[in-house]
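Pasting the sequence and the predicted coordinates here, then a few questions.
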Amino acid sequence: MKILFLPAYFYPENASSPYLSLTRNQAFADIGIDMLVYTPTPTRNIPDEVYREYKNKRIEVLYDGRMTIRRFRMFREGKNPIMRALRYTLCCIRQMAYGFWVKDADVMLISSTPPIQGAMAAIIKKVRRIPFVYNLQDIFPDSLVGTGLARKNSLLWKIGRRIENFTYRNADRIIVISQDFKRNIIAKGVPEEKIEVIYNWVDEQAIVPVPREENPLFDEFGLDRNQFYVVYAGNLGSAQNIDIILDAADRTRDVLDLQFLIFGAEEQAAPYRERASRLQLPNLKILPIQPYARVSFVYSLANAALVICKKGFGDIAMPSKTWNIMSAGTAVLACFDSGTDMQRIIETNCLGRFTEAENVEAFVEAVLALHGDPQECARMGKQGRQYILDNLTREIGTFKYVETMKSVYNASRKKE
């Protein structure tokens, strides 16, 4: 079997966590599956020296010869949305032409970023009869509505829904990352038997609990190891509702041993730093975002770590940081839509506390409850680590991908 990938972004680009794709591809190679990648030269989130290194590379071979990467030149991605859309379109045209031409691909594995990739694969399938598996990590256009970039029933939303329906209708299998995603697309008419739920896994050997006395971040940032810490790390965009952390810090400023830490990019952190300064919060620090290699240190700082967002994201988001927090042996404090996988997993397995999105009073109450029983909080963290080992390891997740791809391939062979 040979899998064809037509990604808009590919390593060393960091469009999302590279760990998932790298370990998944290694699993394919380990059982003798060949892979062919056709992708533009990397430009996104990479330093200039890496761009120069790859600028003239056209063919690479990885995984002991199991993966061949063919790259084509494309102008660098910028922040202008019109130019970015143009780049997506031109890349899709190139990749679709390659899909029409390539002779020995048995099945395609297509990601959902950008959303036109799925429609492109559907057209290739109609012309070449190559089946495809759609890896749905982001539900479009719902995500645009959730972030305020489009309104429901607007022209952009209607176009997005047509693209979405066309992709779902033609995909042979759709991999989703949560039960919430599954319910979302079933409601849009996708047959349940076409959907495979595969949660994003975590590198349980790299993200581990670190004892406080061995954690260098306490000394680097001048943190008292005897304090109770509530930590948020990651994107500080509007969808994350970072203001609720500042609200909670304001309401608990008199709890002397309770501290809130926010790790984020400096540019995104600026408005929250300004608000924290106005509020004169003695119990909140905004610190620089840390590289992936230090995730264990970041979440091991915490007695409880945060997964938060605004209302309306529950069925279109499953933050992977949840698994990182649990893998580090830290209790999860979620402020998320109710009735979701997030609530079910946390409450059923006693992995932390769950509160309704944007409910400041309940959020503060949960913070104080965890603070008031640090032993129970630590026990929840240990249970989270065990949940990862039992359910969300690399071996478990990659095995499900392998079985899904083999199933689609075998079904296509029977039709011939």
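Nice, thanks for sending it over.

which residues of this protein score low on pLDDT?
Low-confidence segments of the chain, defined by pLDDT under 70, are located at 14-17, 144-150, 416.

Skipping adjacent residues, who's closest to the most centrally placed residue in it in space?
By CA atoms, centre = their mean, the mean C-alpha position of the chain lies nearest to Ser320, the distance being 5.0 Å. In space, not counting the residues next to it along the chain, Ser320 is nearest to Asn200; the distance is 4.9 Å by CB to CB, 6 or more residues apart in numbering. (C-beta placed from N, C-alpha, C; glycine too.)

Same check on Ile110?
Distances taken as CB to CB, 6+ apart put Ala121 closest to Ile110, at 4.3 Å, once the chain neighbours are dropped.

What strand or helix carries the one you found?
Secondary-structure assignment from DSSP states H and E places Ala121 in helix 116-128.

contact partners of that helix?
Judged by CB atoms under 8 Å, 6 or more residues apart in numbering, the contacts made with helix 116-128 from elsewhere in the structure are 6-8, 88-89, 92, 95-96, 99-100, 108, 110-112, 130-132, 134, 163-164, 166-171.

Kindly report the same for stretch 98-110.
Where contact means CB under 8 Å, 6+ apart, the residues beyond stretch 98-110 that reach it are 1-6, 36, 38, 70, 117-118, 120-121, 124-125, 127-128, 130-135, 172, 405, 408-409, 412.

Repeat that for stretch 357-376.
Outside stretch 357-376, the residues within contact range by CB under 8 Å, 6+ apart are 228, 230, 241, 244, 247-248, 251-252, 255, 258, 303-304, 308-314, 331, 333, 335-338, 352-356, 377.

how much space is there between the closest residue to Leu22 other than its chain neighbours and Pro42?
Closest residue in space to Leu22, ignoring its immediate chain neighbours: Tyr11 at 6.7 Å, by CB to CB, 6+ apart. Distance of Tyr11 to Pro42, given as CB to CB, to the nearest Å: 8 Å.

Mind checking which of the two has more residues around it?
Between Tyr11 and Pro42, counting by other CB atoms under 10 Å, Pro42 is the more crowded of the two (24 against 18).

re the thing from before, the residue nearest to Ser320 contacts Thr23, correct?
No: in this structure Asn200 lies outside contact range of Thr23 using CB atoms under 8 Å: 10.8 Å.

between those two, what contacts are shared?
Between them, Asn200 and Thr23 share the contacting residues Gly397, judged by CB under 8 Å, 6+ apart.

Which of the contacts of stretch 357-376 are buried, as a PyMOL select command?
For selection in PyMOL, the members of these meeting the burial criterion (16 or more other CB atoms under 10 Å) are listed in this command:
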select buried, resi 228+230+241+244+247+248+252+258+303+304+308+309+310+312+313+314+331+333+335+336+337+352+353+354+355+356+377
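
Can you list which of the contacts of stretch 357-376 are found in helices?
For the contacts of stretch 357-376, membership in helices holds for Ile244, Asp247, Ala248, Arg251, Cys377, with DSSP state H as the criterion.

list the contacts for the last one?
Under the criterion of CB under 8 Å, 6+ apart, the contact partners of Cys377 comprise Asn303, Ala304, Ala331, Leu370, His371.

which residues touch Ile346?
Each residue near Ile346 by CB under 8 Å, 6+ apart is listed here: Val332, Ala334, Gly352, Arg353, Phe354.

Look up how far Phe140 lies from the last one.
For Phe354, the distance to Phe140 (CB to CB) stands at 27 Å.

Give me the neighbour count for Leu246.
Burial of Leu246, expressed as a neighbour count using other CB under 10 Å, amounts to 19.

Helices of the stretch 51-200 of the chain, start to end?
For the stretch 51-200 of the chain, applying DSSP state H, counting those that start in this stretch gives helices covering 81-101, 116-128, 142-146, 155-170, 179-186.

Lys310 is in contact with Ala239, correct?
Yes: the pair Ala239 / Lys310 is scored as a contact, 5.7 Å apart, by CB under 8 Å.

picking up where we left off before, ok, the residue nearest to the centre of the chain to Gln240 distance?
Distance of Ser320 to Gln240, given as CB to CB: 14 Å.

now do Gln227
From Gln227 to Gln240 the distance is 24 Å (CB to CB).

higher neighbour count, those two?
A side-by-side neighbour count of Gln227 and Gln240, using other CB under 10 Å, places Gln240 first with 22 against 15.

Quick check: the more buried one touching Cys309?
Yes: counting by CB under 8 Å, Gln240 sits close enough to Cys309 to count as a contact (5.7 Å).

Let me know the secondary structure of Leu306.
Under DSSP: H, G, I helix; E, B strand; the rest coil, the three-state class of Leu306 is strand.
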